[in-house]
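Enquirer: Next one to model:
(one chain, ligands or ions: 1)
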Amino acid sequence: EKGAYPHYMLKEIDEQPFVLRKIIQEYQGESGSLEIDDSVTAAILDADRIYIVACGTSYHAGLVGKQLIEKLAAIPVEVHLASEFCYNMPLLTEKPFFIFISQSGETADSRAVLVKVKEMNHPALVITNVPGSTLFREADFTLLLHAGPEIAVASTKAYTAQIAVLSILAYATGKAKGASTDLNLAKELGAAANAMETLCDDKEEFEHIAAEYLRAAFDCFFIGRSIDYYVGLEGALKLKEISYIQAEGFAGGELKHGTMALIEKETPVIALATQSYVNGSIRANVKEVAARGAHTCIISSTGLEAEGDRYVLPAVHEMLTPLVSVIPLQLIAYYAALHRGCDVDKPRNLAKSVTVE
Ligand code: M6R
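Expert: Next up, the predicted model:
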């Protein structure tokens with residue numbers, strides 16, 4: 001039930017800090033450290049490469065997951081769109097391990113790949129929000145998101161839950177491999193949950209940004225580098241899905257290779273700057289578009305901020321910034337849709353779970 005909330009989407013955005021705390025609780029072992037069943041980490045360590053397969057928002061979470069797994073467990077990861085993988089399968093390594101990410105566990109494109117993977121006898125883990133769903137039943141291993149039912153067509157809390165579970169998987173696999181780390185993931189995720197709460201309490205600010213940048217906009221660009229690029233892709237999907245504004249996520253460095261031609265006077269460009277090692281270069285990209293008249297909105301992290309930034313996010317561990325940087329983008333999309341009188345929870349032409357290929 002959405003209770004006092006006008007829309008499920010807003011309620012689900014607000015639930016994110018609680019979902020994250022629930023995930024910490026569900027995955028916490030007796031020692032207090034975050035754990036994954038040994039059978040899962042052993043199967044991953046037996047593989048020579050991980051293939052993540054998903055669609056839409058879950059695919060975007062997979063891109064973040066790739067970075068987490070490669071950093072924390074040092075295992076190469078490829079991320080694929082299920083609908084492409086199915087008909088245009090890449091050359092697989094000798095010992096692949098598959099991770100399917102699906103909120104609903106019912107997405108036909110992802111299931112089609114799972115069926116093929118099982119025919120080839122490769123091991124598959126499904127990360128889903130729905131126990132008993134088709135993908136859950138057909139996988140060798142499963143991890144649950146514990147996000148509670150997600151009703152709005154636009155996925156919000158499932159995305160952050162997927163990233164949190166992927167971070168735990170990456171961390172536990174790294175530990176099982178004997179990688180030394182001084183990361184206290186439970187503590188860092190707890191801090192991210194608090195930061196999420198701060199952002200959810202700051203809705204008015206994001207409503208202002210939506211009004212200022214998007215009320216009269218025909219299009220919108222989201223730019224970032226590294227992990228911020230992946231979050232930008234998700235921000236763009238959220239905005240187009242519910243507000244019907246043409247939106248694209250771009251890697252900051254790629255703009256000059258073509259897309260920059262689309263920048264006109266007042267074109268909104270929302271930039272994320274949460275990663276210290278690319279902070280200078282993303283800011284240079286913002287200057288490039290601003291010089292061509294773009295209406296730029298920089299969302300940065302505490303510690304990396306510069307004069308003129310529109311919003312500064314609370315500091316969280318640099319690897320976990322997507323958990324917080326996505327919240328402004330979700331809320332900006334929500335308010336942009338609301339201002340345009342769109343049906344936020346049930347956007348046109350879309351279904352919550354896509355059960356046809
Ligand atoms: O249930 P799934 O995670 O497999 O769904 C995948 C996509 O259909 C889904 O994430 C879709 O992109 C959302 N509506 C985006 O908000």
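Enquirer: what's the neighbour count on the closest residue to the ligand within the stretch 251-357 of the chain?
Expert: Relative to the ligand, the nearest point of the stretch 251-357 of the chain is Val354 (4.8 Å; C-beta to the nearest ligand atom). Just so you know, the C-beta spots here come from the backbone N, C-alpha and C atoms, and that holds for glycine as well. Here the count is done by other C-beta atoms under 10 Å, and Val354 has 16 residues near it.
Enquirer: Same question for Tyr59.
Expert: Tyr59: 22 surrounding residues under other C-beta under 10 Å.
Enquirer: Show me the beta-bridge partners of the spatially closest residue to it that is not a sequence neighbour.
Expert: Closest residue to Tyr59 apart from its sequence neighbours, by C-beta to C-beta, 6 or more residues apart in numbering: Leu81 at 5.7 Å. Beta-bridge pairing for Leu81 (DSSP bridges): Ala54.
Enquirer: Pretty sure Leu81 sits against His60.
Expert: No - between Leu81 and His60 there is no contact under C-beta atoms under 8 Å: 10.6 Å.
Enquirer: Of the two, give the one with the bigger neighbour count.
Expert: Neighbour count, other C-beta under 10 Å: between Leu81 and His60, His60 has more, with 29 against 17.
Enquirer: For the helix or strand containing Gly280, which residues meet the burial criterion?
Expert: Element membership of Gly280 [criterion: DSSP states H and E] is helix 279-291. Neighbour counts over helix 279-291 (16 or more other C-beta atoms under 10 Å) mark 279, 282-283, 285-286, 288-290 as buried.
Enquirer: residues from the stretch 1-150 of the chain in reach of the ligand?
Expert: Counting by C-beta under 6 Å from any ligand atom, the residues of the stretch 1-150 of the chain lying close to the ligand are 55-58, 102-104, 107, 110.
Enquirer: Swap in 8 Å and give it another go.
Expert: For the stretch 1-150 of the chain, the residues in contact with the ligand (C-beta under 8 Å from any ligand atom) are 54-59, 101-107, 110, 128-129, 135.
Enquirer: Inside helices: which ones of those residues?
Expert: Members of those lying in helices (criterion: DSSP state H): 56-59, 110, 135.
Enquirer: For those residues, which two are the farthest from each other?
Expert: Using C-beta to C-beta, those reach their maximum pairwise distance at Thr57 and Leu135, which is 15.5 Å.
Enquirer: that older thread, in ChimeraX, select just the buried ones from the ones in helices among the residues of the stretch 1-150 of the chain next to the ligand.
Expert: Buried subset of these, written as a ChimeraX selection, criterion 16+ other C-beta under 10 Å:
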select :56,57,58,59,110,135
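Enquirer: quick one: which of the ones in helices among the residues of the stretch 1-150 of the chain next to the ligand is nearest the ligand?
Expert: When these are compared for distance to the ligand (C-beta to the nearest ligand atom), Gly56 wins out at 1.9 Å.
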